[in-house]
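Novice: heads up, no residue letters with this:
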């Protein structure tokens with residue numbers, strides 16, 4: 001009998017515990033911590049600052065590394081301010097005779113521009129095994145063998161870590177790194193086009209690599225396999241043995257960069273991750289074969305001075321950033337632009353950064369689960385996409401507002417205009433869609449008319465983006481809207497509604513006939529079939545079907561060539577495609593960054609270069625004239641002419657400029673996006689964000705209470721049994 005009673009009581013206690021439980025996926029020890037929880041759906045490609053800057057890697061790299069300059073967190077238009085530099089760099093221009101000239105001197109009179117940067121003292125690197133030393137001061141982990149790696153799967157597991165002060169030499173080392181051919185730096189052409197001696201240094205590195213490879217080949221004999229050898233034991237080049245005339249260390253904290261021409265936009269490059277310092281010790285440490293065999297490399301195990309360090313990097317599972325214990329003194333800005341104070345963005349003015357102790361990003365491939373976890377409060381912020389846009393916003397009187405549920409929950413959203421364009425690219429080297437003759441232009445113009453960006457935006461982007469008429473994005477110098485900015489080869493101006501109207505399908509068909517394809521057939525009667533390369537999968541079936549329908553309007557067939565990302569990238573780099581859909585984002589707030597993908601010499605610059613392989617002699621000449629200019633009427637006129645050339649040549653189908661809504665819960669503070677530096681609200685901005693964990697936990701519990709009625713009914717079962725047992729016992733005793 002007593003066993004039955006104990007069982008009933010146990011069942012009742014279980015039910016009571018269920019009443020108090022939640023479905024919170026995070027450990028209880030984290031609930032009161034200022035941790036950020038968010039997600040990512042595209043794994044970052046590279047975390048090595050020299051290897052690339054992409055939409056999804058820049059936000060992380062910017063939180064780990066520190067270039068000399070950064071953008072003011074609050075001010076718009078974007079304003080450069082010092083980060084590790086003591087002040088903004090000085091710049092002196094010289095003519096060919098070496099005589100200083102005025103900063104407003106024409107670009108043609110300037111043969112050298114000298115930038116001088118002085119780094120702040122006392123900035124320390126994160127703790128890392130590459131800085132560890134033994135009792136004699138020698139590097140502790142510089143001669144690792146397989147036995148030393150027992151039980152070690154990441155740099156976090158090395159028992160001893162050290163640090164040291166940031167110096168000017170670290171910045172010089174990184175600039176030299178970008179000249180190494182094995183790193184394939186995507187801005188190599190840009191740097192070679194402005195930094196004195198950069199191309200010569202790259203040539204020296206190629207010769208040095210050839211020498212080192214020959215030494216290994218001679219030692220290994222017939223068994224030597226270069227690819228396999230360097231994959232497991234990379235070649236290390238001592239960069240200090242090679243001089244770069246355009247970059248020199250003046251003292252421990254001062255260095256100069258010499259450009260062989262005037263290039264005012266170079267100061268923006270000094271705020272990109274490419275110019276973040278990498279210490280020599282890191283390259284030496286990661287060149288060791290036991291580490292490379294375990295894929296412990298700089299590209300996934302960074303060494304920086306930023307506000308955060310990388311604690312975990314599981315590409316298809318989780319990325320964790322944790323506060324850098326050695327982070328230098330930096331304060332939240334004390335000023336901003338009009339309206340920032342009213343928006344609560346100056347409440348933390350003057351406070352020490354960073355506020356968030358840890359950022360945990362989980363891999364979420366699908367949009368719907370990602371959105372569901374945000375609604376429950378288990379993700380602090382969300383980037384809205386087409387599948388979830390209608391669940392977040394309602395439209396009334398032509399205005400977009402949060403749904404009542406999200407407003408009642410205290411959510412806020414900030415809409416950021418991103419200097420980015422999504423486009424369809426033709427391969428200008430292709431014998432069918434490429435070329436510059438009038439008939440080839442008309443073919444591309446006809447296709448551009450048929451592919452309705454307005455319809456695409458309405459169906460797949462919920463209409464929240466800005467239809468593009470050229471490459472220059474809104475907010476950048478040279479952008480034009482209205483009739484002045486209209487693409488006249490795809491649109492007509494509707495004076496009644498005072499806005500552009502896409503030309504008719506009939507107009508597209510006439511152009512197609514003039515291009516030699518009446519009714520979508522060539523002179524022999526064969527149908528025109530275009531190939532579209534994509535990484536789209538089965539989940540994108542609706543979009544691909546829509547694309548086929550667009551070209552079917554002008555009786556052109558579209559063949560979809562689906563492939564994995566590596567093959568797609570290879571096809572793009574080699575120009576082995578007819579049409580692709582892609583995007584381009586400005587690395588800095590200047591129109592040059594949006595026009596660079598059309599400069600002919602950039603056609604072989606890899607994924608961040610001229611993917612259309614466009615090469616127009618007039619455009620190239622205008623680009624070279626425009627590039628070194630300060631913003632003004634003359635530069636504006638050149639930009640407008642360049643855009644007009646692109647509109648006529650139509651190497652791209654201009655789709656849309658991104659206008660991205662960022663959605664935040666009430667406990668997420670300091671939410672202003674810095675969209676010029678990547679997705680997720682901007683690279684290097686995590687240090688400004690703040691979380692109110694107490695408010696978060698209270699609201700999470702309110703939103704995720706378990707249903708009480710079923711549990712209450714279950715809880716009544718043992719109570720009823722106990723009552724019945726008591727009644728039966730009492731009756732039995734009464735009868736006796």
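Specialist: Looks like it arrived, so ask away. What you are looking at is a predicted structure, and each value in this text was computed from that prediction instead of being measured. Numbering: from 1, shown residues only.
Novice: Please tell me the pLDDT value assigned to the residue lying closest to residue 96 once chain neighbours are set aside.
Specialist: Of all residues not flanking residue 96 in the chain, residue 111 sits nearest, at 4.5 Å (CB to CB, 6 or more residues apart in numbering). All C-beta spots, glycine's among them, are computed from the backbone N, C-alpha and C. Residue 111 carries a pLDDT value of 92.
Novice: for residue 111, what are its contacts?
Specialist: By CB atoms under 8 Å, 6 or more residues apart in numbering, the contact set of residue 111 is 94, 95, 96, 260, 261.
Novice: again, but for residue 376
Specialist: 23, 700, 703, 704.
Novice: what's the last one in contact with, if anything?
Specialist: What it means is residue 704. Per CB under 8 Å, 6+ apart, neighbours of residue 704: 22, 23, 24, 376, 377.
Novice: separation between it and residue 25?
Specialist: 10 Å (CB to CB, to the nearest Å).
Novice: what's the closest residue to residue 237 other than its chain neighbours sitting at in phi/psi?
Specialist: Among residues not flanking residue 237 along the chain, residue 208 sits closest, at 5.7 Å (CB to CB, 6+ apart). Residue 208 adopts backbone torsions of phi -70, psi -40, taken as degrees, to the nearest 10.
Novice: Any idea how many residues pack against residue 208?
Specialist: 17 (other CB atoms under 10 Å).
Novice: again with residue 649
Specialist: So residue 649, with other CB under 10 Å, has 23 neighbours.
Novice: try residue 603
Specialist: For residue 603, using other CB under 10 Å, the count is 19.
Novice: I'd say it and residue 597 touch.
Specialist: No. If you go by CB atoms under 8 Å, residue 603 and residue 597 don't touch, sitting 9.3 Å apart.
Novice: give me the element the closest residue to residue 459 other than its chain neighbours is part of.
Specialist: Excluding its sequence neighbours, the residue lying closest to residue 459 (CB to CB, 6+ apart) is residue 546, at 6.8 Å. Assigned by DSSP states H and E, residue 546 belongs to helix 541-552.
Novice: What are the buried residues along that helix?
Specialist: 544, 546, 547, 550, 551 (16 or more other CB atoms under 10 Å).
Novice: now the residue nearest to the first one when sequence neighbours are not counted, which residues is it bridged with?
Specialist: So that's residue 544. Leaving aside its chain neighbours, residue 544 sits nearest to residue 560 (5.4 Å; criterion: CB to CB, 6+ apart). Per DSSP bridges, the residues bridged to residue 560 are residue 532.
Novice: Quick one: low-confidence residue ranges for the stretch 251-400 of the chain.
Specialist: Low-confidence segments of the stretch 251-400 of the chain, defined by pLDDT under 70: 384-400.
Novice: Tell me where it has helices.
Specialist: 266-269, 280-286, 289-293, 367-375, 386-392 (DSSP state H, counting those that start in this stretch).
Novice: residues making contact with the second one?
Specialist: By that I understand helix 280-286. 128-131, 139, 141-142, 164, 169-170, 173, 177, 236, 239-240, 291-292, 296-298, 301, 303.
Novice: just how off-centre is that helix within its chain?
Specialist: 26 Å (CA atoms, centre = their mean, to the nearest Å).
Novice: Stretch 118-134 now?
Specialist: Worked out by CA atoms, centre = their mean, stretch 118-134 lies 27 Å from the chain centre.
Novice: Next: stretch 615-635.
Specialist: 27 Å.
Novice: next one: stretch 220-234
Specialist: For stretch 220-234 - counting by CA atoms, centre = their mean - the centre lies 34 Å from the chain centre.
Novice: Okay, buried residues for that stretch please.
Specialist: Buried-residue list, stretch 220-234, by 16+ other CB under 10 Å: 229, 230, 234.
Novice: Could you do stretch 147-154 as well?
Specialist: Quick answer for stretch 147-154 (16+ other CB under 10 Å): 149, 152.
Novice: And the contacts of it?
Specialist: 141, 157, 158, 290, 291, 294, 296, 301, 312.
Novice: Recalculate using a threshold of 6 Å.
Specialist: Contact with stretch 147-154 is made by residue 290, as judged by CB atoms under 6 Å, 6 or more residues apart in numbering.
Novice: measure it end to end?
Specialist: 15 Å (CA to CA, to the nearest Å).
Novice: Let me see the mean pLDDT of that stretch.
Specialist: Computed over stretch 147-154, the average pLDDT equals 92.
Novice: Stretch 554-561 now?
Specialist: 95.
Novice: buried residues in that stretch?
Specialist: Those would be 554, 555, 556, 558, for stretch 554-561 by 16+ other CB under 10 Å.
Novice: again with stretch 459-477
Specialist: 460-477.
Novice: which residues touch that stretch?
Specialist: So stretch 459-477 is contacted by 386, 389, 417, 419, 421, 453, 457, 478-479, 485-487, 591, 594, 631, 643, 647, 654-659 (CB under 6 Å, 6+ apart).
Novice: distance between it and the chain's centre?
Specialist: Using CA atoms, centre = their mean, the offset of stretch 459-477 from its chain centre is 18 Å.
Novice: Over to stretch 429-443?
Specialist: Counting by CA atoms, centre = their mean, stretch 429-443 comes out at 33 Å from the chain centroid.
Novice: where does residue 214 land in three-state SS?
Specialist: Assigned by DSSP: H, G, I helix; E, B strand; the rest coil, the conformation of residue 214 is helix.
Novice: Number of residues surrounding it?
Specialist: Using other CB under 10 Å, residue 214 has 11 other residues around it.
Novice: Could you pull up the residues touching it?
Specialist: By CB under 6 Å, 6+ apart, residue 214 has no neighbours at all.
Novice: Report the separation between it and residue 206.
Specialist: 13 Å.
Novice: Same question for residue 289.
Specialist: Taking CB to CB, one finds residue 289 at 23 Å from residue 206.
Novice: tell me the domain boundaries of this protein?
Specialist: 2-21+706-735, 66-305, 418-660 (automatic domain parsing).
Novice: Now render those domains as TSV, adding distance to residue 30.
Specialist: Formatted as TSV, the domains of the chain follow (distance: least, CB to CB, whole Å):
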stretch	distance to residue 30
domain 2-21+706-735	17
domain 66-305	18
domain 418-660	29
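Novice: Indicate which one of those domains is closest to residue 59.
Specialist: Proximity to residue 59 (CB to CB) singles out domain 66-305 among the domains of the chain, at 10.1 Å.
Novice: Now do the end-to-end distance for the closest one.
Specialist: Distance across domain 66-305, first residue to last, is 6 Å (CA to CA).
Novice: Model confidence for residue 233, exactly?
Specialist: Reported pLDDT for residue 233: 81.
Novice: Return the distance of it relative to residue 291.
Specialist: Residue 233 is 10 Å from residue 291, by CB to CB.
Novice: Also residue 104?
Specialist: The value you get for residue 104 to residue 291, if CB to CB is used, is 51 Å.
Novice: What is the neighbour count of residue 289?
Specialist: Residue 289, neighbours per other CB under 10 Å, totals 14.
Novice: What distance do you get for the closest residue to it other than its chain neighbours to residue 213?
Specialist: Nearest non-adjacent residue to residue 289, counting by CB to CB, 6+ apart: residue 233, 4.2 Å away. Residue 233 is 12 Å from residue 213, where distance means CB to CB.
Novice: just residue 423 next, same as before
Specialist: For residue 423, the distance to residue 213 - CB to CB - is 40 Å.
Novice: ok, these two, which is more surrounded?
Specialist: residue 423 (21 against 15).
Novice: got the angle between the host helix or strand of that one and helix 541-552?
Specialist: In the assignment (DSSP H and E), residue 423 maps to strand 412-426. Angle, strand 412-426 to helix 541-552, by axes from the mean of the first three to the mean of the last three CA atoms, to 10 degrees: 50 degrees.
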